[in-house]
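1. here you go, sequence then predicted model.
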Amino acid sequence: MFYELLSTLQDANTQWVLLGTILLGIASGVLGSFALLRKQSLIGDAMAHAALPGICLAFLLYGTKSIGWFLVGAALSGLLATYFIQVIINHSRIKEDTAIGLVLSVFFGFGIVLLTKIAQTENGNQSGLDDFIFGQAASLVGNDVRVISAIAIVLLLVTWLLFKELKLFTFDRQFAKGIGLPTGLLNGLLMTLIVSAVVIGLQAVGVILMAAMLITPAISARYWTDRLDRMVIVAGTIGALSGMLGTILSSMANRLPTGPVIVLAATVIFLISLIFAPHRGLVSKGLKLYRIRKIVARETVLQTLYDLSEEVSITNKKIRFSKEALLSRRKMTVRKLDSNLKRLQKEGYVHHIKDMWSLTESGGSKAYEIVFNNRLFEIYTMYEMKFASLQFAANDVWDYRNIDSSTLKELEQLMAIHERTPKLAPKYFGKGETFRKENSSQSAKKRKKEVKSL
Amino acid sequence: MKMNPIQVSNLTVAYDRKPVLQEVTFQMPEGKLIGVVGPNGAGKSTLIKAILGLIPTASGSVEIYGKAYRTQRKLVGYVPQRGSVDWDFPTNALDVVLMGRYGHIGWFRRPGKKDTAIAMQALDKVGMKEYAGRQISQLSGGQQQRVFLARALAQDATVYFMDEPFVGVDAATEKAIISLLNELKAQGKTVLVVHHDLQTVKEYFDWTLLLNKRKIALGPTEEVFTVDHLQKTYGGRLAFLDTQVSPSYVVQP
Ligand SMILES: Nc1ncnc2c1ncn2[C@@H]1O[C@H](COP(=O)(O)OP(=O)(O)O)[C@@H](O)[C@H]1O
Ligand SMILES: [Mg+2]
């Protein structure tokens, strides 16, 4: 296996073909990114399928295989198809996707008819046109590779030079026009670049799968980065890798069609991106959700214990609570409550006597902090206008420790006016089961009222 | 002689056969905050787009400081409606603001240190400096609007056109934006704002343009923002909540 790989790689012809598929992989990844962001993935598919009759007609007219005429034929019939699609959209009630599907199948069907016709003629079997269906990198001869590589390099160069303009145009066409960019010209140029990237890939990847080759690397790249310049580079790299893998595997397995192998390689990379990419990948998202849920559940348990304690502290009841009491206050599964209580107990924040739970002193101060923070946030949202400047703070995770002291004082005053100040200072939790003696009767009455009105 | 920042003459725009704007003619004074109000579909966005040459006009002309818009692009800043772009685009806040510099940078070249400094300054002005590196889809609606505003500031223009900068924006941001606009005015710049909230027109704008396909009225807000003119602009769709000297209006759906 390894030996086989080595001998494949040492073959001069394979190396040459490899160069071509890598370059066209880069080009389709880079321009695929723009096609994806312009929501034109379907147009790529239409162009690829519609190219087939053009290629066949070029063969019939010219008589032999010629990459130059193939490219011209493919581009012309692709453009004709795009034109038909536009006409259908503009002059009927048919929507874009339907119009694309319609034109695509008509052109592709016509292409297959022509292909069959060519195969029935004398030298038709040797025409190698079948390769255009599923792609055959090995069928690329020296001249093909030269033309493909040259076009790919030109495409990349133009994209690099006009990157800034193409980016603005793709993101905000109106604004681009406003500052004087010739948006009509840019639109035509970008369209041409995308179509060219599709057309040079047809022989190696095939008309059926070329659209996947255009879009899959771009979608995968989007998972890894939030910046267009990096996305384009990553997509180009993925395109190159897929092209390389596809070519090597298909030349080792004796004329296995290249297209499916290339697209399979790209799809594997896509799946890896979907699952493992940082921030956007499924694993990362799942982990983040898990972490948030864990923190929220833990804070909820502490806060519930605090709220209940606060209410009970004005009565004669003991500040110990059954799980049922906790659950009736906040909805949560019994298992979740159990595991959180167990963990909090281990950390020394809660303790229990038989089935009755309460906060410890350190748990009390933890809970106090959480309750204080949350209620302060409520007050802030009530007076958002007044604290407009806070909006501008860098951290959008609300934390009272990040607020400057004068603003904090103001918020605390408002909190007192609304009687939302947490009433049980942490130290009380160290003192035993009831606090009523600690509180003056007046404020206790006031709180009783408040609790009732809750 | 001092020239008008915005001079629109006989402007007519039609998307299909039916004109959306008809024979609109006006001059805007320099150094004023100007509100443009009118019902949905009145052609407010169309007016801005036509002035900026974003859509073809059927007839009429537009001059910015006495010359055609084409030659005066660098004097003009534009804040499009927030919904006009895909906020999932892979780019961050600073990058969007830098786009405001593209007109000054010119073809092929990349933004330099000076442009980045200007863009950061603009972000700072709208209170978004700390968000410079944030992916734009992870900004709230109000923050996205402020990024658009910062981009216009980075354009370093003299005349600004803003299309509904207060839509979907929280109260705090609205307050911040309006004080920023007043700052621009204090620098002698002219700011034209499409606005939908009739309650705040008197508070915000020096001048008001009432528009519904045609120009209904233009002038200092105290003079033109009258019941009579509003009724002409909104037709039967305007209901009066109370009939005091400064009544509040509600546009019925
Ligand atoms: N691109 C367009 N093609 C056709 N009609 C349009 C287009 N844009 C706007 N219109 C129509 O022009 C009229 C004015 O639109 P617009 O200027 O967006 O109004 P406003 O901004 O005042 O709500 C509306 O009736 C709208 O349907
Ligand atoms: Mg509008």
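-> Looks like it came in fine. Ligands and ions are numbered 1, 2, ... in the order given.
2. when you work out contacts or count neighbours from here on, use the C-alpha atoms and nothing else.
-> Will do.
3. from residue A:17, how far out is the residue of chain A found nearest ligand 1?
-> Residue of chain A nearest ligand 1, by C-alpha to the nearest ligand atom: residue A:174 (11.8 Å). Going from residue A:174 to residue A:17 by C-alpha to C-alpha, to the nearest Å gives 42 Å.
4. re the thing from before, residue B:54 is in contact with the residue of chain A closest to ligand 1, correct?
-> Yes: Residue A:174 is within contact range of residue B:54, at 6.6 Å (criterion: C-alpha atoms under 8 Å).
5. quick one, which of the two is more surrounded?
-> residue A:174 (23 against 19; other C-alpha atoms under 10 Å in any protein chain shown).
6. which ones are touching the more buried one?
-> Applying C-alpha atoms under 8 Å, 6 or more residues apart in numbering or on different chains, one finds that residue A:174 lies in contact with B:54, B:80.
7. assign the residue positioned nearest the centre of chain A to helix, strand or coil.
-> In chain A, the residue lying closest to the centroid (C-alpha atoms, centre = their mean) is residue A:223, at 4.5 Å. Classification of residue A:223 by DSSP: H, G, I helix; E, B strand; the rest coil places it in helix.
8. contacts only, for it.
-> Residue A:223 neighbours (C-alpha under 8 Å, 6+ apart): A:273, A:274, A:277, A:278, A:280, A:281.
9. got a list of contacts for the helix or strand hosting the second one?
-> In this assignment (DSSP states H and E), residue A:274 forms part of helix A:258-276. Residues lying outside helix A:258-276 but in contact with it, judged by C-alpha under 8 Å, 6+ apart, are A:134-137, A:204-206, A:209-210, A:212-213, A:216-217, A:219-221, A:223-224, A:238-239, A:241-247, A:249-250, A:280-284.
10. which of the residues you listed fall within helices?
-> Taking DSSP state H, the ones among the contacts of helix A:258-276 that sit in helices are A:134, A:204-205, A:210, A:212-213, A:216-217, A:219-221, A:223-224, A:238-239, A:241-247, A:249-250, A:282-284.
11. and the contacts of helix A:258-276, which of them are buried?
-> Neighbour-count burial (16 or more other C-alpha atoms under 10 Å in any protein chain shown) is assigned, among these, to A:134-137, A:204-206, A:209-210, A:212-213, A:216-217, A:219-221, A:223-224, A:238-239, A:241-247, A:249-250, A:280-282, A:284.
12. was I right about residue A:298 contacting residue A:342?
-> No: checked against C-alpha under 8 Å, the pair residue A:298 and residue A:342 is beyond contact range at 10.7 Å.
13. ok, those two, which is more surrounded?
-> residue A:298 (18 against 14).
14. what comes up buried for whichever strand or helix holds that one?
-> According to DSSP H and E, residue A:298 maps onto helix A:282-312. Neighbour-count burial for helix A:282-312, counted by 16+ other C-alpha under 10 Å, picks out A:282, A:284-285, A:297-312.
15. how about the helix holding residue A:274: buried residues?
-> A:258-267, A:269-270, A:273-276.
16. centre of the chain to it, how far?
-> 16 Å (C-alpha atoms, centre = their mean, to the nearest Å).
17. quick check: residues of the stretch 101-250 of chain B near chain A?
-> B:102-103, B:107-108, B:110, B:127-128, B:130-131, B:135, B:171-173, B:176 (C-alpha under 8 Å from any C-alpha of the partner chain).
18. out of those residues, which comes closest to residue B:17?
-> Residue B:17 lies nearest to residue B:103 out of those, by C-alpha to C-alpha, at 33.8 Å.
19. residue 163: how many residues sit nearby?
-> Just so you know, I chose chain A. Residue A:163, neighbours per other C-alpha under 10 Å, totals 19.
20. you looked at the wrong chain, it should be chain B
-> Neighbours of residue B:163 using other C-alpha under 10 Å come to 21.
21. so who does it touch?
-> By C-alpha under 8 Å, 6+ apart, residue B:163 lies in contact with B:45, B:48, B:79, B:80, B:81, B:193, B:194, B:195.
22. mind running it again at 7 Å?
-> Contacts of residue B:163 were listed using C-alpha atoms under 7 Å, 6 or more residues apart in numbering or on different chains, and they are B:45, B:79, B:80, B:81, B:193, B:194.
23. just name the closest of those residues to residue A:65, please.
-> Using C-alpha to C-alpha, the contacts of residue B:163 come closest to residue A:65 at residue B:80, 51.4 Å.
24. next, the spatially closest residue to the closest one that is not a sequence neighbour: phi, psi?
-> Excluding the flanking residues, the one nearest residue B:80 by C-alpha to C-alpha, 6 or more residues apart in numbering or on different chains is residue B:163, at 5.3 Å. Per-residue torsions, residue B:163: phi -100, psi 110 (degrees, to the nearest 10).
25. if we can go back for a sec, near chain B too, which of the buried residues of helix A:282-312?
-> Of the entries in the buried residues of helix A:282-312, none also sits close to chain B under the rule C-alpha under 7 Å from any C-alpha of the partner chain.
26. next, give phi and psi for the closest residue to residue A:322 other than its chain neighbours.
-> Spatial nearest neighbour of residue A:322, chain neighbours left out: residue A:356 (4.7 Å); criterion: C-alpha to C-alpha, 6+ apart. Note on residue A:356: its backbone torsions stand at phi -100, psi 130 [degrees, to the nearest 10].
27. show me the contact partners of the strand or helix carrying residue B:122.
-> Per DSSP H and E, residue B:122 falls inside helix B:113-125. Among residues not part of helix B:113-125, those counted as contacts by C-alpha under 7 Å, 6+ apart are B:94, B:97, B:98, B:101, B:129, B:147, B:150, B:153, B:154.
28. now which of these would you call buried?
-> Of the contacts of helix B:113-125, these count as buried by 16+ other C-alpha under 10 Å: B:94, B:97, B:98, B:101, B:129, B:147, B:150, B:153, B:154.
29. could you point out the helix or strand that follows the host helix or strand of residue B:174?
-> Using DSSP H and E, residue B:174 maps to helix B:171-186. Counting by DSSP H and E, the next helix or strand C-terminal to helix B:171-186 is strand B:190-194.
30. each with direction, which strands does that following strand pair with?
-> Here strand B:190-194 has these sheet partners by DSSP bridges: strand B:33-37 (parallel), strand B:159-163 (parallel).
31. so which of these gets nearest residue A:424?
-> With distances scored as C-alpha to C-alpha, the stretch of the strands paired with strand B:190-194 nearest to residue A:424 is strand B:159-163 (51.1 Å).
32. so that closest one versus helix B:171-186, what angle?
-> 160 degrees (axes from the mean of the first three to the mean of the last three C-alpha atoms, to 10 degrees).
33. from chain B, how far out is residue A:223?
-> 10 Å (C-alpha to the nearest C-alpha, to the nearest Å).
34. next: residue A:193.
-> Going from residue A:193 to chain B by C-alpha to the nearest C-alpha gives 17 Å.
35. quick check: phi and psi at the nearest residue to residue A:310 once chain neighbours are set aside.
-> Nearest residue to residue A:310 in three dimensions, chain neighbours excluded: residue A:424, at 6.3 Å (C-alpha to C-alpha, 6+ apart). Backbone geometry at residue A:424, expressed as degrees, to the nearest 10, gives phi -100, psi 100.
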